[in-house]
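> Prediction below, plus the sequence it came from.
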Amino acid sequence: MTAALRATGLAVSLGGREVLAGVDVTLAAGRWTAVVGPNGAGKSTLLRALAGVVPHRGAVMLRDRPREAWQARERARTLAWLGQAESGGEDLRVWDLVMLGRLPHQGWLAAPSAADRAAVTEALHATQAWAWRERTLGSLSGGERQRVRLARLLAVQAPVLLMDEPLANLDVPHQADWLALVRSLAAQGRTVVSVLHEVGMALQADAVLVMQSGRVVHHGPPADAATRAAVRTVFDDRLDIHPVAGAWVVVPRTASPGFPPRAAPTMPGFTPPHDSPGEHA
Amino acid sequence: MSAGSRPVVLAVALVALAVVGGWLGVGVGSTGWAWPGAAAADAVAAQIAWDIRLPRTAVAWLAGALLGLAGAVAQGLFRNPLADPFLLGSASGAALGVALALVGAGGASMALDGWSRLGLTGAAFAGALAGVGLTLALARGVQHTLRLLLAGVIVGVVLGAARELVTLADPAVLQAMQGFMLGSTALSGWPAVVVMAAALGLSGLTALGLGRVLDGLALGEATARSLGLPLGAARLALVGALALATGAAVAQTGLIAFVGLAAPHLVRAIAPARHASLVLLSALMGGALLLAADLAARALIAPQELPVGVLTALLGGGYLLWLMHRRGVLGGGS
Amino acid sequence: MTAGWRVGASLAARLISLAGALLVSALLATAQAAQAAPVAITDDRGVTVRLPAPPQRIVSLLPSLTETVCALGRCDRLVGVDRYSNHPASVRGLPTVGGGLDPQIETIVALRPDVVLAAVSARGIERLESLGLRVVALEPRTTAQARAALLALGGLLDAPRADRVWQAVEDGVAAAAAAQPSRVPPLRVYVEASAGGFAAGPSSFMGELMARLGWVNVVDAALGPFPRLNPEAVVRADPDLILIAERDAAGLAQRPGWAGMRAVREGHVCTFTPAQGDILVRPGPRMAEAAALMARCAAVRGTR
């Protein structure tokens, strides 16, 4: 399997602080990889560094070519990025905003082509935003706006998609829609990388990248018990992972009286390396 | 009227307004209002209509168009609906240039003779460009929007202080400065029309061509970069267009407030559109606004004239108050 | 014999009237020729304006130039003045064309003047010239410049004996100075020329008049024509007499330290009305009046 994105020694300092401290990661094509970790782990920064929208040290290879070697528009057609909590463009019509996703495909002064219009239409249908295409973004609710921004990302029709918190403000049915969408994108051979707060959703992915304090702690499929153990570890064992109806479900563990929480009693002298009291599989 | 056709309708309406305003402008003057066309008989009256009223009407429209264009570019570039074309130190630079020229003309100093030779127009233009250049140097390029804005504010304050020092050294220029600052089309002739039309063409084409970049910037710098837009070069060109447009307008008509701020707002309120259309419509709207204000300034207390900058400030301030009231009534944030 | 006398007398009378007519027409012809002679003037910008004949329609944008034109006896040729020109009374009925800083271009053009008189610092000179009008820019600030402007305008307007007009002004100033009682030591005076606390220095027009009147200006010559002095400098200078505008005089005692000043305490303060202010400030033919005004006030309010 070819690597869509390969990063070596990726490091980012923001305001004197090392937000990303030397990350090496290979993201295979045709897969959906979810990035999880506690707040401040550097997940968003990793995506921004891969997309090239934040200055970073280290190299990023996009389809086996250095990302800097790509011509800007060609690179934009290949690698599309949706930021966390994007704002702006409230005055624009939904149609026009999604059409902005076609910018890498359009000539300087050219009017939108039939291909552009088809791509925008398809993207709006995929995110169930078609009904609002004439409304301005500002007139929509938070969840509706998020779907429009997703449509903008889809309109690029890029083989590699980086999404930061794509489920923000989305209600459960539309989260389910998104899940179906991402699976179909991966099935088409595209590469999807998404930072997700919803750990349960992240465990539906083909691969999970677990991060903590600017480093990658684990990278593997959710079927692997080691992956799930890594997830529990970075979240301080404050969650339980249960299989329900063929999928992984995450339940937060509330703190027992007498904070900080104590681990459940085990046999004295024995510390299980992978197994932990929350594991039931 | 569908949202798509609104920009076209607005454009047609604004062009029609400009034509009507131009025709009215030939009739308004020192004798109050007179039907244009009746003037053809008398040679002096014909000279007044052709050589005085027509060019200054054209200059009023052109200045408004330049300021409206600059306002749209500034608001798109800085992603702030309150951005004003005078942000990057162009206004304070122009004012300083005029102050130096006035002092030089008064013979106060041989060193300033060069400034006075440029004439007030040239001095204002040179000053505006120098102000923007200083801002760019201070911000070390156009990479950072926030740094650019901050540098613009600093340059504005520093050049304003320099102007105060100049007027302190020669208090006689205070009154003349005031006259310049309030804005007027009284002293503009056909050569001014040519210069301003050229500036409008150049900066307009630049802004139109880079409309895509402004659209992308509306979504945020990071997103714009991810869409493959050449931000650095485009921002430099846009700042250049901004400086050219405001310098050309200020040089001829002095400092006229609010047109650059209000024109893009009005366009967005009536016919929201992408930046390529927004820039064009803002120019048309600004031209119509300033033309109307200039006609009023000439006609209200004829044969005396109100400074047109006072009128635009009153109108613009009123519009912003109404905006605030509407927002407050609708209970919404921005 | 009487018939011959009568014939001779009537012949002589006819000859004399013929000669007289010839003389008169010759004089008229020369006068006409003089009137039709081209005139020229070099203004303060160094620009030489040439006209084929003395101008018959004049617009003035500077009060001192208006007064100069009228002093030369050519008041009837003014067709428009700026809003600040108010002397002599006859110009108040003329159309006003704005001020030096905001001239109404249209109104000026509509008056079809042969020449426009303006200050060098006036705006719109290039605009007027680009519309085909001749502009003469003069801005007298000192006595010498006022004299030069009067003589130059006398040449332009073909006014008879402009030098005599100036001589009369000079005589008036000398008379005002001579009419004063001799004061030893001389009177030390502080003159505040305009609102905002600008004092009249020795190089200003008023300063020159003060010197002609034999007064000592408490303002140092090095500070320029209209310096803005620190109020305490005036207190320290302790002038014998203060000349100030009426509307500023009321607040004199409020100025820090001024209430204790000898001139303020003992009432040696001369105030001038706005109309009198115009006379004092404009470097022009009313110089003699200005000198007389100042001398009269000093006689009433001065210490000695």
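Cool, got the structure.

> And A:Arg152, how close does it get to chain C?
Distance, A:Arg152 to chain C, using Cβ to the nearest Cβ, to the nearest Å: 54 Å. C-betas here are computed from N, CA, C, even on glycine.

> and that residue, which of the three is it?
helix (DSSP: H, G, I helix; E, B strand; the rest coil).

> List the contacts of it.
A:Arg152 makes contacts with A:82, A:97-98, A:100-101, A:123, B:219, as judged by Cβ atoms under 8 Å, 6 or more residues apart in numbering or on different chains.

> 7 Å instead?
If you count contacts by Cβ atoms under 7 Å, 6 or more residues apart in numbering or on different chains, A:Arg152 has them with A:97-98, A:100-101.

> Give me the buried subset of those residues.
Buried by 16 or more other Cβ atoms under 10 Å in any protein chain shown: A:97-98, A:100-101, out of the contacts of A:Arg152.

> now those as a markdown table including distance to B:Leu236, pLDDT and secondary structure?
Shown next, in a markdown table, are the buried ones among the contacts of A:Arg152 (distance: Cβ to Cβ, whole Å; pLDDT from 0 to 100; DSSP: H, G, I helix; E, B strand; the rest coil):
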| residue | distance to B:Leu236 | pLDDT | secondary structure |
| --- | --- | --- | --- |
| A:Leu97 | 26 | 93 | helix |
| A:Val98 | 29 | 95 | helix |
| A:Leu100 | 22 | 92 | helix |
| A:Gly101 | 25 | 94 | helix |
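
> Run through the helices of chain B in chain order.
Counting by DSSP state H, chain B has these helices, from start to end: B:6-27, B:43-47, B:54-77, B:90-105, B:113-139, B:145-169, B:173-182, B:190-209, B:211-218, B:221-226, B:231-253, B:259-270, B:275-299, B:308-329.

> Of these, give the one that comes closest to chain C.
Relative to chain C, the nearest member of those by Cβ to the nearest Cβ is helix B:173-182, separated by 4.6 Å.

> May I have that closest one as CSV, with CA atoms only?
Taking Å, rounded to 0.1, in the frame of the first residue of the first chain, the C-alpha atoms of helix B:173-182 are listed here in CSV:
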residue,chain,number,x,y,z
VAL,B,173,-0.5,76.8,7.5
LEU,B,174,-3.1,75.6,10.1
GLN,B,175,-6.0,77.1,8.3
ALA,B,176,-4.9,75.9,5.0
MET,B,177,-4.4,72.4,6.4
GLN,B,178,-7.9,72.5,7.8
GLY,B,179,-9.3,73.4,4.4
PHE,B,180,-7.4,70.4,2.9
MET,B,181,-8.4,68.0,5.6
LEU,B,182,-12.1,68.7,5.2
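
> Could you check that helix and say which residues are buried?
Those would be B:173, B:175-177, B:179-182, for helix B:173-182 by 16+ other Cβ under 10 Å.

> C:Met261 reaches C:Val235, doesn't it?
Yes: C:Met261 is within contact range of C:Val235, at 5.6 Å (criterion: Cβ atoms under 7 Å).

> okay, the two: which has more neighbours?
Taking neighbours as other Cβ atoms under 10 Å in any protein chain shown, C:Met261 and C:Val235 compare with C:Met261 leading, 23 against 19.

> What count of nearby residues applies to C:Gly260?
C:Gly260 has 10 neighbours, counted by other Cβ under 10 Å.

> Surely it is in a helix?
No: according to three-state DSSP, C:Gly260 belongs to no helix; its state is coil.

> what's the distance between it and C:Val235?
Note on C:Gly260: its distance to C:Val235, by Cβ to Cβ, to the nearest Å, is 8 Å.

> And for C:Val59?
For C:Val59, the distance to C:Val235 - Cβ to Cβ - is 46 Å.

> do B:Ala49 as well
Distance, B:Ala49 to C:Val235, using Cβ to Cβ: 60 Å.

> Please work out how many residues are found near whichever residue of the stretch 201-334 of chain B sits closest to chain C.
Chain C sits closest to B:Pro303 of the stretch 201-334 of chain B, with a gap of 5.6 Å, by Cβ to the nearest Cβ. Using other Cβ under 10 Å, the number of residues around B:Pro303 comes to 17.

> Assess the claim that it and C:Ile108 are in contact.
No: B:Pro303 is not in contact with C:Ile108 according to Cβ under 7 Å; the separation is 10.8 Å.

> So for B:Pro299, what's the nearest residue that isn't a sequence neighbour?
No, residue B:299 isn't Pro; it's Ala. Spatial nearest neighbour of B:Ala299, chain neighbours left out: B:Val28 (4.8 Å); criterion: Cβ to Cβ, 6 or more residues apart in numbering or on different chains.

> can you tell me how far the one you found sits from chain A?
Separation of B:Val28 from chain A (Cβ to the nearest Cβ): 36 Å.

> Count residues in the vicinity of that residue, would you?
Neighbours around B:Val28, by other Cβ under 10 Å: 23.

> That one contacts B:Leu295, correct?
Yes: B:Val28 is within contact range of B:Leu295, at 5.5 Å (criterion: Cβ under 7 Å).

> Out of the buried ones among the contacts of A:Arg152, which are close to chain B?
Applying Cβ under 7 Å from any Cβ of the partner chain to the buried ones among the contacts of A:Arg152, one finds that A:Leu100 fall near chain B.

> Kindly reformat the buried ones among the contacts of A:Arg152 as CSV containing distance to A:Gly30.
Below are those laid out as CSV (distance: Cβ to Cβ, whole Å):
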residue, distance to A:Gly30
A:Leu97, 29
A:Val98, 25
A:Leu100, 27
A:Gly101, 22
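
> Reformat the buried ones among the contacts of A:Arg152 as JSON lines; add distance to chain C.
Below are these laid out as JSON lines (distance: Cβ to the nearest Cβ, whole Å):
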{"residue": "A:Leu97", "distance to chain C": "49"}
{"residue": "A:Val98", "distance to chain C": "53"}
{"residue": "A:Leu100", "distance to chain C": "48"}
{"residue": "A:Gly101", "distance to chain C": "53"}
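
> which other residues reach stretch B:227-238?
Here stretch B:227-238 makes contact (Cβ under 7 Å, 6+ apart) with A:72-73, A:75-76, A:103-104, B:73, B:77, B:142-143, B:206-207, B:210, B:213, B:216, B:221, B:224-225.

> in it, what counts as buried?
Buried residues in stretch B:227-238, counted by 16+ other Cβ under 10 Å: B:227-229, B:231, B:234-235, B:237-238.

> Pipe these into a markdown table and attach pLDDT and distance to C:Ala249 per row.
Below are the buried residues of stretch B:227-238 laid out as a markdown table (pLDDT from 0 to 100; distance: Cβ to Cβ, whole Å):
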| residue | pLDDT | distance to C:Ala249 |
| --- | --- | --- |
| B:Leu227 | 94 | 71 |
| B:Gly228 | 91 | 74 |
| B:Leu229 | 91 | 68 |
| B:Leu231 | 88 | 64 |
| B:Ala234 | 91 | 63 |
| B:Arg235 | 88 | 59 |
| B:Ala237 | 91 | 61 |
| B:Leu238 | 91 | 58 |
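
> just checking, B:Val132 touches B:Phe86?
No: in this structure, B:Val132 is not within contact of B:Phe86 by Cβ under 7 Å, at 10.3 Å.

> how about the nearest residue to B:Ala313, chain neighbours excluded?
Leaving aside its sequence neighbours, B:Ala313 sits nearest to B:Ala257 (Cβ to Cβ, 6+ apart; 4.8 Å).
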